[in-house]
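A.B. asks: A structural model of the following input is requested.
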Amino acid sequence: MAEDKQHSEAVKNTVAIEQSGSCKKKIVVEIPEETVKKATDEQYETLRREVILPGFRKGRAPRRLLEKRLGKETTEQIKLKLLSDASDAAIKDNKLDILGEPDIDFEKIEMPAAGPLKFDFEVEVRPEFELPALEGIAVKRVKQEVKDKQIKGEIEQLQKWAGMWVPRQDGAVEADDQVIADAILKIEGVEEEQRNDNVEIYVRQSGVIGAVPVTKLDEFLKGAKIGDVRQTSVDVPKTYIRTEYRGKKIDVKITVKEIKYLKPAEMNEGFFKRFGASTEDELRERVRDMLRGRFEQMARENMTGQIYKYMLDNTNFDLPLDVVADQSDVVLHRRYANLMMHGFTREQIEEQLEELKTSSEQQAKEQLKAFFIMDKVAEKLGIEVTDEEINGRIAQLAIERNQRPERLKDEMSRDGSLGQFRLQVREEKCIAKLLESAKITEVEPEEEAAKEKQAAVKSAKKKEEKPKEEPAKEKQVVSKSAKKKEEPEKKKPKDKSATHTADKKEQAEKRKTTPKKKKSSD
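C.D. replies: Numbers count the residues shown, from 1 in each chain. Sure thing, here's the model as predicted:
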C-alpha cells in the first residue's frame with residue numbers, strides 16, 4: 001500500500017501559479033512523462049478494441065499499424081484530453097475562482113516525443129480583498145414632508161408627460177427640444193460610412209446620435225435650424241457597450257430635418273381622468289399620496305446608497321480594463337433586472353439602458369466593484385435566495401404588469417435576465433440585513449443639503465488641484481463657440497420608481513407627435 005501511495009504521488013502534475021496582472025494569474029503545468037505514456041497506451045488500447053483494419057479481425061490490429069494509420073488524430077485527442085484534465089485539476093486543486101474559461105492556445109502546444117508535457121495558460125480570477133466591518137454602519141435617514149410647491153411641480157411634469165411634440169417652424173434648436181436628422185458616421189478603421197436616416201436626437205447635456213455617445217450635445221446643437229449641417233468628432237471610451245465603437249474615433253455629421261418642442265397638456269376633465277381623478281383638488285390629493293410613497297422609497301434608496309458607498313470606500317482592489325469591458329453585459333443585465341423589479345415598462349427599460357450605455361468608465365468600474373463586494377457579503381452572511389422567493393417576486397411583478405407569472409418568467413429566461421434578477425434579489429436581502437444592524441440617525445433635509453454642498457465644494461477643489469482626463473473628448477465644429485475644458489459629469493447609479501419625475505420627463509421625450517394613452521401608475 002505504501003508503494004502504491006508513493007507511486008500515486010510521483011505521477012502528480014507539477015503546478016506553479018504566478019500573478020500576471022490585476023485579476024489575472026498565469027498557471028504553468030508540467031504533466032509527467034509517465035502520465036503522458038499511460039494516457040497514450042490507454043487511448044491506443046481503446047482504438048485496438050474498437051477499430052477494424054483491413055486484414056485484421058476486430059481487436060487484433062497491431063499498435064504500430066494503428067500509429068501509422070491514425071497517429072496524427074490520436075495524438076491530438078490525447079493532447080486535448082491531457083490539457084483539459086490538467087488545467088481543470090490545476091484550477092480546482094488550487095481553489096481558483098475564475099471568471100470565464102481558461103485562455104489555452106491548444107494548437108501551439110505540441111506533444112513531446114519523450115519527456116513531460118509542459119504548457120501554461122492565463123485565467124481571470126475574482127478580486128481578492130477583505131470586507132470592512134458589516135455591523136454598526138453609520139447611516140442617515142432624511143426626513144421628508146410633502147409641500148404644495150412639490151405638488152405643483154409634479155402636476156406640471158404630468159402635463160409635460162401627457163403633452164405633444166409640436167414642430168418648431170421658424171425657430172432654432174433650444175435645450176430639451178427633439179431634433180429629427182439624417183446622420184452619417186465615419187468610424188475609424190472602417191472604410192464604408194454608416195448612414196442613419198430620421199434619427200431622433202434629444203437635446204440635452206449628454207446623449208446619443210445613432211448609438212454614438214456625445215457629451216455636450218446641447219452645445220453642439222444649440223441654435224441649429226432646419227437644413228443646417230453640424231459636424232463633430234468623438235473619441236469613444238474603451239469600455240463603451242457597443243464593441244464596434246469601443247476606443248475608436250468617430251466623425252459625426254448630421255443634417256437637421258425637423259425641430260420639435262414639447263407642448264404641455266392642458267388642465268381639463270380629460271387630463272384629470274387620465275390620472276384617475278375628476279377634479280384638480282382630487283388630482284392634488286392623489287399626487288400628495290404618490291409623493292409620500294416616493295419619499296419613503298427615496299429614503300430607503302438613499303440609505304441603500306450610503307451602504308454601497310461605505311462598502312466601496314472601505315474596500316480596495318483593482319479591476320483591469322478588459323474585465324470592465326467584458327463584464328459590461330453583466331452590468332446591463334443587473335440594471336435590467338432592477339428596473340423590472342420596480343415595475344418599469346419595456347420602453348422605459350430601454351431608455352434606462354441607453355443611459356447606462358453612455359455612462360463613464362468610472363461608473364462601470366464602481367458597479368462591477370459593487371457586484372463583487374455584495375457577492376462576498378452574501379457569502380459571509382450566508383444569504384441565499386430560494387426558488388419560492390423568486391417565484392413570489394415574479395408573481396408580484398406579473399400582477400403589476402398585468403401578465404401571467406409563467407409567461408413573464410419564461411420571457412426572463414429567454415432574454416437572460418432571470419439569473420441577474422436572482423442576484424438583484426440577493427443584493428436587496430444583503431442590504432436589508434446590513435440596515436438591521438446599522439446606526440441610523442434622522443436628519444433634516446436642510447442639514448443634509450448643507451453637508452452635501454460642503455462636500456461638493458471640497459470635491460471641486462480637489463479636482464482643480466488634480467485634473468482628471470475626460471473619458472471622451474470631442475472636437476466640435478460650431479461657429480464661434482468658446483471651448484472650455486470641463487470635468488465630465490459623474491452620475492451616481494441610483495434606482496428610480498416608475499413615478500419619478502425624471503422618468504416622466506424621459507417618457508415624454510420618447511413619445512411621438514400623437515401621444516399614446518397609458519394607464520396611470522397610481
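
A.B. asks: list the buried residues for the longest strand along the chain?
C.D. replies: Ranked by residue count, the top strand of the chain under DSSP state E comes out as strand 249-263. Neighbour-count burial for strand 249-263, counted by 16 or more other C-beta atoms under 10 Å, picks out 250-254, 256, 259-262. C-beta: built from backbone N, CA, C; applies to glycine.

A.B. asks: give me the nearest residue to Lys12, chain neighbours excluded.
C.D. replies: Leaving out its chain neighbours, the residue that sits closest to Lys12 by C-beta to C-beta, 6 or more residues apart in numbering is Pro32, at 7.6 Å.

A.B. asks: what about the one you found, neighbour count?
C.D. replies: Neighbour count of Pro32, defined by other C-beta atoms under 10 Å: 16.

A.B. asks: equivalent analysis for Ser20, please.
C.D. replies: 13.

A.B. asks: before we move on, what about the one 10 residues further on?
C.D. replies: In terms of burial, Glu30 registers 17 neighbours under the definition other C-beta under 10 Å.

A.B. asks: wait, doesn't it sit right on Asp120?
C.D. replies: No. At 9.7 Å, Glu30 does not count as touching Asp120 under the criterion of C-beta atoms under 8 Å.

A.B. asks: among the buried residues of strand 249-263, which pair sits farthest apart?
C.D. replies: The distance between the two most remote of those (C-beta to C-beta) is 30.4 Å, for Asp251 and Leu262.

A.B. asks: which other helices and strands contact the longest strand of the chain?
C.D. replies: With contacts taken as 3 or more C-beta pairs under 8 Å, 6 or more residues apart in numbering; DSSP states H and E, strand 249-263 sits against strand 164-167, strand 178-187, strand 194-202, strand 212-215, strand 229-235.

A.B. asks: reformat those as TSV; add distance to Gly136 and mean pLDDT.
C.D. replies: Putting the helices and strands packed on strand 249-263 into TSV (distance: least, C-beta to C-beta, whole Å; pLDDT from 0 to 100) gives the following:
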stretch	distance to Gly136	mean pLDDT
strand 164-167	52	92
strand 178-187	50	94
strand 194-202	45	92
strand 212-215	41	88
strand 229-235	45	93
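
A.B. asks: just name the most buried of the ones you listed.
C.D. replies: strand 212-215 (a mean of 24; mean count of other C-beta atoms under 10 Å).

A.B. asks: which elements pack onto that one?
C.D. replies: For strand 212-215, the packing partners by 3+ C-beta pairs under 8 Å, 6+ apart are strand 206-209, strand 229-235, strand 249-263.

A.B. asks: can you list the strands that the shortest one pairs with?
C.D. replies: So that's strand 206-209. Strand 206-209 has the following sheet partners, assigned by DSSP bridges: strand 212-215 (antiparallel).

A.B. asks: just checking, next helix/strand downstream of the partner strand?
C.D. replies: Where DSSP states H and E defines the elements, the next helix or strand beyond strand 212-215 is helix 217-221.

A.B. asks: output the lowest mean pLDDT helix or strand found in this structure.
C.D. replies: Lowest by mean pLDDT, DSSP states H and E among the helices and strands of the chain is strand 474-477, with a mean of 38.

A.B. asks: what sits up against the helix or strand following the longest strand of the chain?
C.D. replies: Where DSSP H and E defines the elements, the next helix or strand beyond strand 249-263 is helix 269-274. If you take C-beta atoms under 8 Å, 6 or more residues apart in numbering as the criterion, helix 269-274 is touched by 159, 162, 265, 278-280, 282-283, 517, 520.

A.B. asks: okay, buried residues for helix 269-274 please.
C.D. replies: By neighbour count with 16+ other C-beta under 10 Å, helix 269-274 contains the buried residues 271-272, 274.

A.B. asks: what's the closest of the residues you listed to Ala61?
C.D. replies: Comparing the buried residues of helix 269-274 against Ala61 with C-beta to C-beta places Arg274 closest, at 83.4 Å.

A.B. asks: distance check, that closest one against Glu285.
C.D. replies: As judged by C-beta to C-beta, to the nearest Å, Arg274 and Glu285 stand 16 Å apart.
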